[in-house]
Every structure is written in structure tokens, then in C-alpha cells.
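>>> whatever this is, show me its structure:
(chains A, B and C)
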Amino acid sequence: GHLRRHQGNTNVRVSLPAVCFVWQIAMIILFGVFIRYDEESDAHWVEFKREHNITSDIENDFYFRYPSFQDVHVMIFVGFGFLMTFLKRYSFGGVGFNFLIAAFGLQWALLMQGWFHSLDPATGKIYIGVESLINADFCCAGSLIAYGALLGKVSPVQLMVVTLFGVTLFAVEEYIILTLLHCRDAGGSMVIHAFGGYYGLAISWVLYRPNLHQSKRLNGSVYHSDVFAMIGTLFLWMFWPSFNSAITDHGDGQHRAAINTYLALASSVLTTVAISSMSQKTGKLDMVHIQNATLAGGVAMGTAAEFMITPYGSLIVGFCTGIISTFGYLYITPFLEKYLKLQDTCGVHNLHALPGMLGGFIGAIVAAAATESVYSAEGLINVFDFEGSFANRGVGTQGGFQAAGTCVAIAFGLVGLILRIPIWGDPADDNCYDDEVYWEVPEDEESIPPVLEYNNHMIHKHQDM
Amino acid sequence: GHLRRHQGNTNVRVSLPAVCFVWQIAMIILFGVFIRYDEESDAHWVEFKREHNITSDIENDFYFRYPSFQDVHVMIFVGFGFLMTFLKRYSFGGVGFNFLIAAFGLQWALLMQGWFHSLDPATGKIYIGVESLINADFCCAGSLIAYGALLGKVSPVQLMVVTLFGVTLFAVEEYIILTLLHCRDAGGSMVIHAFGGYYGLAISWVLYRPNLHQSKRLNGSVYHSDVFAMIGTLFLWMFWPSFNSAITDHGDGQHRAAINTYLALASSVLTTVAISSMSQKTGKLDMVHIQNATLAGGVAMGTAAEFMITPYGSLIVGFCTGIISTFGYLYITPFLEKYLKLQDTCGVHNLHALPGMLGGFIGAIVAAAATESVYSAEGLINVFDFEGSFANRGVGTQGGFQAAGTCVAIAFGLVGLILRIPIWGDPADDNCYDDEVYWEVPEDEESIPPVLEYNNHMIHKHQDM
Amino acid sequence: GHLRRHQGNTNVRVSLPAVCFVWQIAMIILFGVFIRYDEESDAHWVEFKREHNITSDIENDFYFRYPSFQDVHVMIFVGFGFLMTFLKRYSFGGVGFNFLIAAFGLQWALLMQGWFHSLDPATGKIYIGVESLINADFCCAGSLIAYGALLGKVSPVQLMVVTLFGVTLFAVEEYIILTLLHCRDAGGSMVIHAFGGYYGLAISWVLYRPNLHQSKRLNGSVYHSDVFAMIGTLFLWMFWPSFNSAITDHGDGQHRAAINTYLALASSVLTTVAISSMSQKTGKLDMVHIQNATLAGGVAMGTAAEFMITPYGSLIVGFCTGIISTFGYLYITPFLEKYLKLQDTCGVHNLHALPGMLGGFIGAIVAAAATESVYSAEGLINVFDFEGSFANRGVGTQGGFQAAGTCVAIAFGLVGLILRIPIWGDPADDNCYDDEVYWEVPEDEESIPPVLEYNNHMIHKHQDM
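Residues are numbered from 1 along each chain as shown, chains lettered A, B, ... in the order given. Model (predicted):
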């Protein structure tokens, strides 16, 4: 993989429409065969309510989860999308390709997650409701994280393939981790962030470009692109409490997950600022750190947010991961590029892979330390879902399985190493990070008329001399 | 209308304040006479609850609809507003005038819709709650869509008049379509999009400027204005499920409308990308398509979203309308301008008028195809509101009325043809699309100091030669 | 304070990390000692529900308040943050330092408000839930408002100190106003806006810089920074109904507060546009007014929003405060700077201090005018919380206390006059409003290649001549 030449045939006029059309038609056919409304979104709900003695429409899961769903949806499309607009000339590709692959990924996710988690054996159908939509958005997030490592270096066709496989791998690892190992991972430290981070890093390693320095002039931000990226950062940061609480238990589960995430994120901001300032001779802050490492607390609380980690425990998690993530941007990313041939455009290692892995182990420790006095007997059963064939599992065992789940997530991410994406329209080494390759880019002369006029004026004056 | 000269008297110092003050004072007086809190927002609610055996405050409609209301509110102000910032030098006018006319329009809408839909004959009052606010926002949307066709070519005073008449026409057509014809149109394919689109096109046709090419240099985007417009696109796209479900039935109605819209929108993205890429020799994507046609699925699901259209049916709707809308931007808009003398700045024909009309007919077909087995007997009554004097209407008849309703919406939009707005401060043909006309625009020299310095340096060097 | 020299030692490499680390560690320790989950976010909720005969998880306060919380959260971080990006070269500092001080402030607020309002004497603990998070965000808002007066003139270390004292003062004044005086102030006209506004003005007065004109070139906007600021404006404007209703009574209280605020804000927009247009010879609008004064209606409804002020009453409040606020930007801010030595970067006097004070008095009048016929007997008790030791307070007395509360809020704001912040890394007079001081700012040459190339070309042609 490392030696191939990039000839710069970036014409995707056949391949991109072909992929979009064929895959979308496939989605329609598969949805036709498999996907139906669940009992809470079907017009039969009026009968269902009566049969189940549900007295009010407000008991419909829609009202428990839809506000959280919308927050998650904003994170997926505006959060991830705008976070990737920071490059000076790849903002279209950042927000636009994120839009494309998420729109495809969520459809494929509804199918894949449906087959693995909610296929009704009696009817052969998958029944979807608002929780399915949240899970589909979550599933996309894994591939969007991977995109962060590849930003500016791959074609939209390659990204579609990365998403197709990413969603597929996600559904399998999620089935193993959540169903077979019976782990808890409400906000996806393991199944989303550790998996997505390592998946992206693995693919980026395979696609290593020794001559990427030829695009160095474009691998950076300009003033306003950094401000655009802050839109992404802030919507991710603000709505992360919704992300980690979106599919937790009704009632105290959602409530606690939101509080814990809110606190961890606040703590991350302060330690990120501290390390960022310390790292410069003059104490200046680096926008890369503020845009990314401030979010590490949310990633690391993805598993433990629904547990009784305590408010100060949440602060400690944010405190540590803010430091670790910022150090990652300062030292690990350059190290990975120099010594491991790993080019990670957005630093997903520092924001997702590492804090996700830590979040998995934090979850394992907090689970293993759970007690009946803290959770109450019923609370312990509710939080860890110790029911059915898992009724007799102890918290120590649960902790062990949580740790194992984290390893499974990383292992599935590393499957990306064997995913050798063909050269489907990817840019040459000297036009990476450049929207010109895949987008009609407007000429910008109109935005700066005063200078042109001023120069013409001066130059004419010269000519008159 | 086509022959008048534009002299460029764009001073609105008297007319704009006069319109704002007089109309706002009129609103205050009319609200004083007519508008009151409804029983769920009045302090008497505590008594109302007891009288109606409502056991919990959570049954207040506020909790069913407020999250959707806020999403719709974001669509109206940030969605529509930022979508119109794409022009290189009309971003202030895009987002600012949208803000102004929506803020006026929603007040007038509360009155107009109140008089037509909820005037209590006993008291002569209109009682408002959260659903009224949603409907008022919806009503504004019609005029904001019309603004899209006029963007850059009219004065704020003219826009206020367009909104005054737009809201008035909307309330009448809505009354005819929803009340008299008893159509269902939860997300407003007919009453909002088809009406608003044709209303804007009709006014734009009347205001045709043969010399508009004189402003051609400003009728386009720059790099960062396209990124700003993506903020509008994404907030519209993400929150469209809330738009189409905001006023549907509690429970399964809201739930299903959100799912259907979510799916149709996802599908639109893929076909938009496909057609956009195919349309360029080198397969490059056009930001105009991504910013607009990706939303066509949401428009087209405005009527059918609450029906049992099935998940794959939603995907098909998004699939087709994404294609049609992108083709519209490629071929229909240039055709309309060249042969029909119709200048449509934002292409509202392709995003609203056409997909809205299609959405109306899709709704008619889906309604006509409804069966008791799919909806359940009670479900059918709930979804189509077959009660009172409409208890015996069959689904076939309903389908016919839905189709008729679509035609009524278009007809009302075309009333814009007789709305001859006087020349109230509109820009000359050679300063359309220019914020300088109505805004104090900051000088931008500070944003580009390196060039100025560099040039000065070079020029001084010349002078020294 | 006025005579000290600014030497420009802006190196915060020791002080900023030290403050962040030490204070964050202090937060962790204090949270460990004091903060616990409340009964609705604790895993014991399952038992609590049974003991209190709560039949559904939907009764958990999370579902009443979380959507409002998220809207408030967006206002704090995106609303306030982006509103402060309007300066041409201080957007990083605007949104970035807002992020930092809010993330610290909300933690300190949970402690301070907890000690004053909800410390359980039996256990010595503070129990937090979603309402605590909203209150913490509110408490931060006071200091963020103060930041608006100081924008561009202080270091992040100084801002952290401003926030530490701001949150502390807030908690005390809030305790006096809401608990001792038993005022109602749901949206914080008094406790947030009047306090925060005067607090910022007081500190800015102490930090007066006679030579600030040396940074005049940077004290203004560029085209795109004004568009960024509109993101802040619109998210504040759209979500203000959630702000004013977030902690009001369940049911009609939240419902009515949202409606009143929605109406007042709409009205403010029209009068702001009117005055802004009138103030220019040619009727052009000023972005400063649109970005700020349109919000005055929300500030002024902070106290009265939950009362039965009537819909037209709300419109009147917005009408008047839109006018007053715009006049403030036109005449009062220049007056304050010239004659009172008060430099107010964002004009917080006009948006927060003055409308907040007015809002307090409007609340007093509306409270004093309350009657049983309008509120119902029970409604009156609910809205004004006339229970316990306040059971016999009449509405007239309540009005008097509301007015007194407004004075207390202003008085606490003026305590800022004795808060003499040392020269901790603040910028010199000639590099205020400049991100270069505290941020690694990217060089922007890549954003404007056409001009450079064009110029080089022209210049080379010259050289060839």
C-alpha cells in the first residue's frame, strides 16, 4: 500500500453517481423487504395502548427520546461536519462529505443493527422507532470518526466504501459487546469511539503517503475556518450530555448520564486550556486543542455516564482526559506520523481512540466497584440489566466483561488494516486538502475588491510615472 | 411591470421605520382586542386540570410540542436565514431581512390563523398555546420561501408588504384546504411549500428586470459564504423531521412523521450528490445542489409523513425528489429565466414549488391507498380525522380532495401575479445583491493586511528603482 | 486604577495553567465533599418512585426541563460565544474565553448556589438534578454578560477572576432576592441581566484605558465576523423563550413564559429595525443594533414572563425595550465613554443592564396588578409562591419587594467597583482586541492567492518594462 503512486485521476463522474444510485436503490429494496414501523410509530398504536393499559400518549417512547435524538442528530451533521471545516481549503469536503456518508450510513445502520439486534424471527421484519434512529446515528458516528483521520486524503467514493464497511463492522462488534458479552456502553466509549478511532487510524496507516508534505501548504487553517470549526466543537460539547444519555434507561438513567457528561466536559475544558497554554513559550493557546481536546471528557464518559460514578468522579475523568488528549495533540500525533507512518488529519487518536479506550476501562472499574448500597438492589439490576441469563452475574464479573469489550472494540477497529481500499479517485499527493478536486469552488476575487482597486490605482500611477 | 425603470432611490429612512412602527402598533392593538392565553397556558390551568381529571402537568400540550416548536423556530430563523447567506455580498440582507419579516409575520399569522381557525364565537377571542406558535412559524415559512425567489432584488419595505399579503393569503388557503376541503397536510407540502414557492415565483415574474445582468458580478458565492449557507442547510435538514411532525397527532402520529421524514431526507442526499456529480464533466459537486436539493425529500414528505407510507416508501420519495430538484437547478432555473422572464435567486422553484406540488400529489395517492388493515379502523379515523361531518368520507374521496387541495395551494400562490408591489426603495439593476444598499457594511481592509503590506512594500521598492 | 501603565507583559504561560489546574482541583475536592445526585438522578429512583406513588418515569423532572436546559446551554456557549465574535480579530477570544469561563463558572455555580439554596442540613450535602444545571448555566450568564463589557481588554486570567467573584456575588444576591425578599425572577431580568450588566460596567470603569484609541483599528467588525455574530444573536433570540421558561412552574407556568417571551422578542425586532434605520441619513441598518437590540425584549421579559402579563402586554414590553436599547447603542454608549470614562465593548449597558433593570420594574408592576380573577385563587398562589411564611403576602407588597429586588441586583453589580483586578497579563493599550496576544493565529495568506498572484504578475510586468 505504501509504495503506490497517486496519479491524480480524481474524476469521480462515473464512480460517485454509480455508488450513490446503486446503493440507494439497494437500500430501498432491503427496506422494502425488512423494515417496518414499530408498535409505537404504527397507526395501530391506538389499539396497542388499550391492550397494554397505557393511559396517555406521553408514554410513547417518542417523548422520552426525541429531544435527545435531535441533539444527537445535530452532533452528527453539524458537530462532526463543522469540526472538519477547520482546513483553509477543505471546508466543503469536510462538511459536505460528512453529510453524504452520514446520510448513507444511517440507512445501512438501520438494516445492519436491525438484523443483529431486533429482527423478529416470527415475521422476519425489523421494527423501527425513535431509538432505532438514535442507534443509527450512533453507528454512523464510528465511520465519521474514521473520516477525521482521512480528511483531505481520500475521495468521496472511497469514503462511501469506508462507511459501508465501517457500519458493517460496527454492527458486528456492537452485537458481540452489548449482546454476547452483555456490556453496558450507553454513550459508546467502546463501540463508537475506540472502534471508530482505531478503524480510521488503521485505514490511514494503510493509505500512508510518504510525499504528503507536497500538500503541506493546505494542511492548516485560516482565521475564519477556525471559527467555523468552533461551531462544530460547541455543538458537540453542548449536546454530548444528550449523546451519552440518549438510549439509557428512562428516568434516573437518562438524568444521571446527562449530569455526569455535563460535568466531565466542563472539567476537560480547564485542563485543555492549561496544557495548551503551558505548551507554548509565551503561553498562547492553540485552536486545535480548544477545538478537540475539550471534548475528551465526553468521549471518556461514554460508558460510565449512566453508572453511579458520582459528580466528582465525572470531574476527575474530564480532568485527566483533557490533559491526556492535549498531550496527544502535542506529542503523540507528530510521533505517530514520524515513526509509525500514520497520518491523522484531525487527530482522532487523541480525541476518540485513546479517550474511548480509557472510557471503556473507566467503565469497567466503575462497574466492578458498584455496590447495592449505592445503587439499591433494584437499581443495580436496572443499571446493569442483570436479568434473564445474566441475573446472577456479579459486578466484578461485569467489570471484567466491560474490559474485554473494550479490547473487542479496538480489535474490530484494527480490522481496517486489511481493508485495502482501491485507488478510487483519490487526490494526488500535491492536491490533498483541496476542495478544488471534488467541488466547484467559487472564485473569491469579489470578496476583496478594495485591494484590487487599490493596487490597480497604484500600478496605474506607476505607469504614469 | 417589466418596463419600469429602476432609478435607484433606495433610501428607506422614512418608509421602513414607518412600516415597522405602524404595523407593530397595529399588532399591539389587535392582540389587545383578540388574543388571550389558552387554557393550558393560563394560570387557571390548575383548575382546568382538576375539572378535566388531568393527573399530571406533563399532559400539558407544552410537553408534547415544545421541543418540536423550538426545532421549527431554528429552521425559520437560522435555517432559512443562513441558507440565504450564500451570496458573496448579501449575507446581511439574507439573514437580516429574513429575521425582520419572520418576526413581523409570526405576529400577523397568530391573528390571521386565529380569526380563521380558532376564533371563539362566544367570546370573540383567539386563545393561543404552543401549537399556535408552531402554526405561526409555519405560516411565516410561506413568505420566507417567497423571499428566496426575490433575494437581493427587493427592499425591506417591499418584503414587509410581500409578508403581509403572503401571511394573509396563507391563512385563507389554509382555511380552504384544511378546514373546507378537510385535507391533511401536517408538514405543509401544499399549504406551505407549493403555495410559498409559487407565490414567490409569481412576484418575481412581475418584478422581472431585463438588465439584471448588470449585477451579475455579485450574483454568486465566495468560499466562506458557501460554508455559512451550509449552516442553514444542515439545520433545515436535521430539524425537518420535527417540522413535519410538529402538529401531527400525539403519539404514533408524531413518531411516524419524524421517521418518514428522516428517511426521505437521507435518500435525497444520495441522489442529489449523484446528479450533481454527473452534471459536471469532471464529476465535481456543485454547492448550490448540496445546499438545496438535499432538502427536497423533506418538502415532498410534508403531506404524507403522518400517513403509513412505509419506510421504503419514504426512501423512494426522497430518491425521486432529490433527482428532480437537482435537475431543476441544472435545467429548469436557466430555462425559466431565459424563456419565461423569471428570475429565481435561490431556486425556490426546485426546492419548494415543484417538490411541494409533488408532495401534495404523493399525499393524495397515499391517502387514497389507505386501508383498514394497515391503519386499523381506529387508526384510519385518527390519521384522517374522519369525524363529525367527515365521518363517512372514504379514503378514495380523501385522495381526491388532497389532490384538489394541492391545486388550491398553487392557485393561491399565483395570486402573487396580481400583487404589483410599488417601487418602494428597491435597488437599481446594477446594485442588486449588494448589502451596501441597505446596510452599514464594514470596510474589510483589516482582514487582509498581509497583502496590503506586501504590495506597499513591492511598490515602494519600485519607486526606489 | 486609571493611571497605571500597561506594559504589555501578556505572557500567561504560568498564571493561566496555574489558575486552571488549581481551581479545577479545588472543584473536584469540593464536589467530593458536597455534591451528590438528587433523588431523580440517583439509582434509588426506582425505590423513590414506588414510595411516592409515581406511576411513570415521564414524571421525572428530566422530561419537564431537559429540552429547555439544552436550549439554555446553547445560549450560554453558542449564543453568548458567537455574539462576541463580531470583532474582526478577536473571534477566537470571544468564543474561546467565553467557553473557558463558562466551563469553570458552572462548576463553581453548582457549589455556590447549592450552599445557599439547597444544602441539606441533615447530611451536609447538595443534591443536584437537571434544574441545578439550568441554574448553574444561568449563574454563569451573569459573568458572561460582564465579559461583554470587557471584551478584548482583559486577559483570560483576569476573566477567570471576574467569573470567580461574579458567580459568588450572584449566588449571594440571588439568595437575598429570591429567598429573603421572596421575589419571582424566572428569567433573571434582575438577578442575571441587571446584576451582570452593572457588574461588567463597574469592572470596565475601574479598568478604564485613556489610550484605548491606540487599538481603534481593531475595534470593529469585518463582513464575515458580523455574519458569525448573527449565529450568536439568532440562537439567543430563538431560545430565549426556553431561557425564561426553563425553571418556571410545570404546566401553565412554562407554557405561558415561553409564549410571552416569543412575543416580546418579535416586537423588539421591528422597533430595533425602525430606530436603526431612522438613525442613518440614508436609512441603512447597523448590524450592531440588529445583533443586540433585537434581544432586549427577552431580557425585559425575564421577570414578568411567567406572570399573566397578557400577549399584548408582552408585545408592548418588546416594543419599548427595542427602542430604548437601540437608542442606547446610538447615544448612551458614546456618552458613557466620553463623559463617564466607561468603555463597554459589546454595549452590555444597552442590552443587559438597562433592559434588565426595566424588566425588574415591569415585573414589579405586573405583580402588583395581579388579581384573583385573572390568575384564579390557586393560580395566584402558584405563580407567586404565596405559601409558608409568605402565605399572607398581598400582590401589592409583592410588587414592592420585586422593585426592591431590582435595586439589590444593581447594588450587587456595582460591587464590581471595589474589585480591583491586578494586571494579570492584560494587553497593552495598542494591542487590545487582538487575538495575536493570547492565541496562535494562523497566517491567512492562503485565503487570498488570486490577489497575490495577480499582483506578482502585474509587478513582474512592471519590472519587465
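
>>> quick check: residue A:333 touching residue A:353?
No - taking Cβ atoms under 8 Å as the definition, residue A:333 is not a contact partner of residue A:353, at 11.2 Å. For every residue, glycine as well, the C-beta is placed using N, CA and C.

>>> between those two, which is the more surrounded one?
residue A:353 (28 against 20; other Cβ atoms under 10 Å in any protein chain shown).

>>> mind listing what the closest residue to chain C within the stretch 51-200 of chain A touches?
Going by Cβ to the nearest Cβ, chain C is nearest to residue A:67 of the stretch 51-200 of chain A, at 4.5 Å. Listed by Cβ atoms under 8 Å, 6 or more residues apart in numbering or on different chains, the contact set of residue A:67 reads A:242, B:67, C:66-67, C:70.

>>> repeat that for residue A:116.
Taking Cβ under 8 Å, 6+ apart, one finds A:171-172, A:174-175, A:179 in contact with residue A:116.

>>> kindly report the same for residue A:211.
The contact partners of residue A:211, by Cβ under 8 Å, 6+ apart, come to A:429-430.

>>> how about it, phi and psi?
With angles defined as degrees, to the nearest 10, residue A:211 sits at phi -100, psi 30.

>>> flag the shaky bits of the stretch 1-150 of chain A, pLDDT-wise.
A:1-8 (pLDDT under 70).

>>> does the lengthiest helix in chain A reach chain B?
Under DSSP state H, the helix in chain A containing the largest number of residues is helix A:252-278. No - in terms of Cβ under 8 Å from any Cβ of the partner chain, no part of helix A:252-278 sits within range of chain B; the closest distance is 14.2 Å.

>>> which is the next helix or strand following that helix?
Note on helix A:252-278: by DSSP states H and E, the next helix or strand toward the C-terminus is helix A:287-292.

>>> give me the residues contacting the helix or strand immediately after that next one in the chain.
Next in sequence after helix A:287-292, counting helices and strands by DSSP H and E, comes helix A:296-300. The contact list for helix A:296-300 (Cβ under 8 Å, 6+ apart) reads A:187, A:189, A:193, A:236-237, A:240-241, A:243-244, A:261, A:264-268, A:272, A:314, A:317-318, A:320-322, A:324-325, A:350-352, A:355-356, A:358-359, A:362.

>>> average pLDDT across helix A:296-300?
Averaged over helix A:296-300, pLDDT sits at 98.

>>> list the buried ones in it?
A:296-300 (16 or more other Cβ atoms under 10 Å in any protein chain shown).

>>> okay, the angle between whichever helix or strand comes after it and helix A:252-278?
Later in the chain than helix A:296-300, the nearest helix or strand by DSSP H and E is helix A:311-327. For helix A:311-327 against helix A:252-278, the angle between stretch directions is 40 degrees (axes from the mean of the first three to the mean of the last three Cα atoms, to 10 degrees).

>>> helices or strands up against helix A:311-327?
Packing partners of helix A:311-327 (3 or more Cβ pairs under 8 Å, 6 or more residues apart in numbering or on different chains; DSSP states H and E): helix A:252-278, helix A:296-300, helix A:354-368, helix C:15-34, strand C:35-37.

>>> and it with helix A:354-368, angle?
Using the same axes, to 10 degrees: helix A:311-327 against helix A:354-368 is 160 degrees.

>>> what mean pLDDT does whatever helix or strand comes next after helix A:311-327 have?
The helix or strand immediately downstream of helix A:311-327 is helix A:333-339, counting by DSSP H and E. Averaging pLDDT along helix A:333-339 gives 96.

>>> what of stretch A:170-187?
The model assigns stretch A:170-187 a mean pLDDT of 98.

>>> endpoints of it, how far apart?
One end of stretch A:170-187 sits 14 Å from the other (Cα to Cα, to the nearest Å).

>>> surely residue A:247 touches residue A:131?
Yes - using Cβ under 8 Å, residue A:247 makes contact with residue A:131 at a distance of 6.0 Å.

>>> quick check, the residue in the stretch 101-250 of chain A closest to chain C?
Here the residue of the stretch 101-250 of chain A nearest chain C is residue A:250; by Cβ to the nearest Cβ that distance is 3.8 Å.

>>> assumed that residue was part of a strand.
No - counting by DSSP: H, G, I helix; E, B strand; the rest coil, residue A:250 is not part of a strand but coil.

>>> tell me who's in contact with it.
Contacts of residue A:250 by Cβ under 8 Å, 6+ apart are A:64, C:57-58, C:60.

>>> could you redo the last one with a cut-off of 10 Å?
A:59, A:61, A:64-65, A:382, C:45, C:56-58, C:60, C:62-63 (Cβ atoms under 10 Å, 6 or more residues apart in numbering or on different chains).

>>> show me which of those neighbour chain B.
Subset of those in contact with chain B: A:59, A:61, A:65, C:56, C:58, C:60, C:63, counting by Cβ under 10 Å from any Cβ of the partner chain.

>>> out of those, who has the most neighbours?
That'd be residue C:60 among those, by other Cβ under 10 Å, with 27 neighbours.

>>> excluding its backbone neighbours, what's nearest that one?
residue A:251 (4.7 Å; Cβ to Cβ, 6 or more residues apart in numbering or on different chains).

>>> pretty sure the one you found sits against residue C:55.
No - if you go by Cβ atoms under 10 Å, residue A:251 and residue C:55 don't touch, sitting 11.8 Å apart.

>>> sorry, back to before: mutual contacts of residue A:333 and residue A:353, please.
By Cβ under 10 Å, 6+ apart, the residues touching both residue A:333 and residue A:353 are A:344, A:347.

>>> for residue A:125, give me the backbone phi and psi.
phi -110, psi 160.

>>> for chain A, just list every one of the strands.
In chain A, the strands defined using DSSP state E lie at A:35-37, A:119-120, A:125-128.

>>> let's have these in JSON lines, adding distance to chain B.
Shown next, in JSON lines, are these (distance: least, Cβ to the nearest Cβ, whole Å):
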{"stretch": "strand A:35-37", "distance to chain B": "4"}
{"stretch": "strand A:119-120", "distance to chain B": "15"}
{"stretch": "strand A:125-128", "distance to chain B": "7"}
